[in-house]
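>>> Mind folding the following:
(2 chains)
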Amino acid sequence: MEKPKQVTRPPGRAVGRSKLGSALLLAFVAVSVALIIVVWRDNIAGEENRSPSYYRDTVLVDPSARATATAAALPRR
Amino acid sequence: MIGAAIAIVAAWLIGFFSAGVDASTFVAKVLPGATSIDRSGEYYVGRDAAGAIVGYAGVGRGTGYGGPMRVVVGVNPAGAILGVEMVEERESPGFFRLVRSSKLFSGYVNRAIQTPLQLGQDLDSVTGATRSAEGVANAVRDAVRGVAADALKAPLPPAQTRLEIGAPEIVLVLLFAAGYVGHKLRAPKVKRAVRWGTLIVGMLTIGFLYTLPLTISMVVALLSGYWPDWQTNLYWYLLIGGIIFATIVTNKNAYCSWFCPFGAFQECLAAVTRVKASQAHGLHEPLKWLQRILALVAIILGLALRNPGYAGYEPFATLFDLRGTTVQWALLLIVVLASLMMYRPFCNYLCPLDPVVEFISAGRRWAKDTWKNRSR
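Here you go, the predicted structure:
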């Protein structure tokens, strides 16, 4: 891969552009590193939450819940 | 460099000596109706309340994208598969999610063990996770063969492994050759044209067509000793072996400079906004160290947890396969935006593979210097 060449800082408006470039680069790296850490966390967490192959995930149901018919399912009078 | 090597060895030892998963805890799931399960040598026997045999279960091994995997397969006395359960795998969670949500596991149920049980023949493959699905299929066949021979006393014919050479392998060899010839060219215009040619071909083939770029997971799999069989994974060996060989012999990073598909994608974006390789800032060197730390953490994570899939953070599959979590899409979006403003930002500051090649190169220098000093 081609390595960026170090060049001497140009004067005036170009210095401002260079500072902006450095700030953008720092922001890019900081946000990317934060996202990479989240990717790693998700990778490891995904392993802990895995469900057994073709069986469905275990779903916890509130024992006090009752099956009800919705209004749309009731026959019209 | 020495510190990094010590950390990698320590992580490898931690991973190596950490306990594996006990397959027997999964046996009951593949023998429905069994009230008691006994182990008999290499297989398990499940019986119902009356003592009649419900089925047999065996453990099989295969190799996926991230490393070895184990499954347990239940077979009834008539030779039909009762169930397949994953015991252990080391795939990238994003890839293996596709396998789990596919009909691969349920597709085995009620199939006779004498059938081929081959993906693409009597079973559907899993698009986007071919190697992971192939690993599962190999492990299932391995388990079935064990049960057939040991429990049912009806051995199946021996498995035949044939060498698989296809378009990806041929394209890869041609790209390596073009990169080798290209970097020796003297005329800058011709060299530039050849380089753009290999970059575009690499992006379209290795990237978008085959989705087989080099990843840090491959490096961790190599370090972990999870080497897949060479007959069916020739591409894996050509890619990793080619990079190591080219770095040791020519001291050039043939892959990153000449045909890395993600690097090519960033260069295409840079060409749109005419971003040049030279940048006027003093942050380059400190940020290179951050990149080395990222690579080291990725390798340590993959080795210590014995799962190469954990190490990966590159948004390659998100771009080339249009698949990824929200976070991976966000990372890709940031890289795309940054590539419009700076030259190959992911390669230069985030990619874990550049430090790996740097490490090989440093090892080469050290070996060369040591040899020279001894010869004096």
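>>> Please make it C-alpha for all contacts and neighbour counts, starting now.
Noted.
>>> Give me the domain ranges for chain B.
B:28-150, B:167-375 (automatic domain parsing).
>>> Which of the ones you listed sits closest to chain A?
Comparing those against chain A with Cα to the nearest Cα, the closest turns out to be domain B:167-375 (4.0 Å).
>>> Make a markdown table from the domains of chain B and add distance to chain A, mean pLDDT and mean neighbour count to it.
Supplementary listing: these in a markdown table, determined by distance: least, Cα to the nearest Cα, whole Å; pLDDT from 0 to 100; neighbours: other Cα atoms under 10 Å in any protein chain shown:
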| stretch | distance to chain A | mean pLDDT | mean neighbour count |
| --- | --- | --- | --- |
| domain B:28-150 | 6 | 87 | 21 |
| domain B:167-375 | 4 | 90 | 19 |
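>>> these two touch, right, residue B:323 and residue B:315?
No. Judged on Cα atoms under 8 Å, residue B:323 makes no contact with residue B:315 at a distance of 9.2 Å.
>>> quick one: common contacting residues for these two?
With contacts taken as Cα atoms under 8 Å, 6 or more residues apart in numbering or on different chains, residue B:323 and residue B:315 have no neighbour in common.
>>> before we move on, back to that, possible to save the domains of chain B as a markdown table with distance to residue A:45?
What follows is the domains of chain B, written out as a markdown table (distance: least, Cα to Cα, whole Å):
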| stretch | distance to residue A:45 |
| --- | --- |
| domain B:28-150 | 9 |
| domain B:167-375 | 10 |
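>>> Name the SS class of residue B:116, please.
Per DSSP: H, G, I helix; E, B strand; the rest coil, the secondary structure class of residue B:116 is coil.
>>> doesn't residue B:137 make contact with it?
No. Counting by Cα under 8 Å, no contact exists between residue B:116 and residue B:137, whose distance comes to 10.4 Å.
>>> Residue B:11 and residue B:247, how far apart?
Computed with Cα to Cα, to the nearest Å, the distance linking residue B:11 and residue B:247 is 25 Å.
>>> for residue B:176, same thing?
Counting by Cα to Cα, the gap between residue B:176 and residue B:247 amounts to 12 Å.
>>> between these two, what contacts are shared?
Contact criterion Cα under 8 Å, 6+ apart; residues bridging residue B:176 and residue B:247 by contacting each: residue B:254.
>>> Could you check how far residue B:255 is from residue B:305?
Distance from residue B:255 to residue B:305, counting by Cα to Cα: 28 Å.
>>> swap that for residue B:351, sorry
Taken as Cα to Cα, the span from residue B:351 to residue B:305 is 21 Å.
>>> Also residue B:342?
In this structure, residue B:342 and residue B:305 are separated by 35 Å, where distance is defined by Cα to Cα.
>>> low-scoring stretches of chain A, by residue?
In the predicted model, chain A carries pLDDT under 70 at residues A:1-16, A:46-77.
>>> at 50 instead, please
A:47-61, A:65, A:67-70, A:77 (pLDDT under 50).
>>> residues touching residue B:77, list them.
Counting by Cα under 8 Å, 6+ apart, residue B:77 touches B:53-56, B:152.
>>> Taking those residues, tell me the two that lie furthest apart.
With Cα to Cα as the measure, no two of the contacts of residue B:77 lie farther apart than B:54 and B:152, at 12.7 Å.
>>> In terms of helices and strands, where is the closest residue to residue B:350 other than its chain neighbours?
For residue B:350, ignoring the flanking residues on the chain, the nearest one in space by Cα to Cα, 6 or more residues apart in numbering or on different chains is residue B:291 at 5.1 Å. Mapping residue B:291 onto the secondary structure by DSSP states H and E places it in helix B:284-304.
>>> cool, residue B:50 as well?
Short version: residue B:50 belongs to no helix or strand, going by DSSP H and E.
>>> measure it to residue B:312 for me?
With Cα to Cα as the criterion, residue B:50 and residue B:312 are 50 Å apart.
>>> And what about residue B:57, helix, strand or coil?
For residue B:57, the secondary-structure state derived from three-state DSSP is strand.
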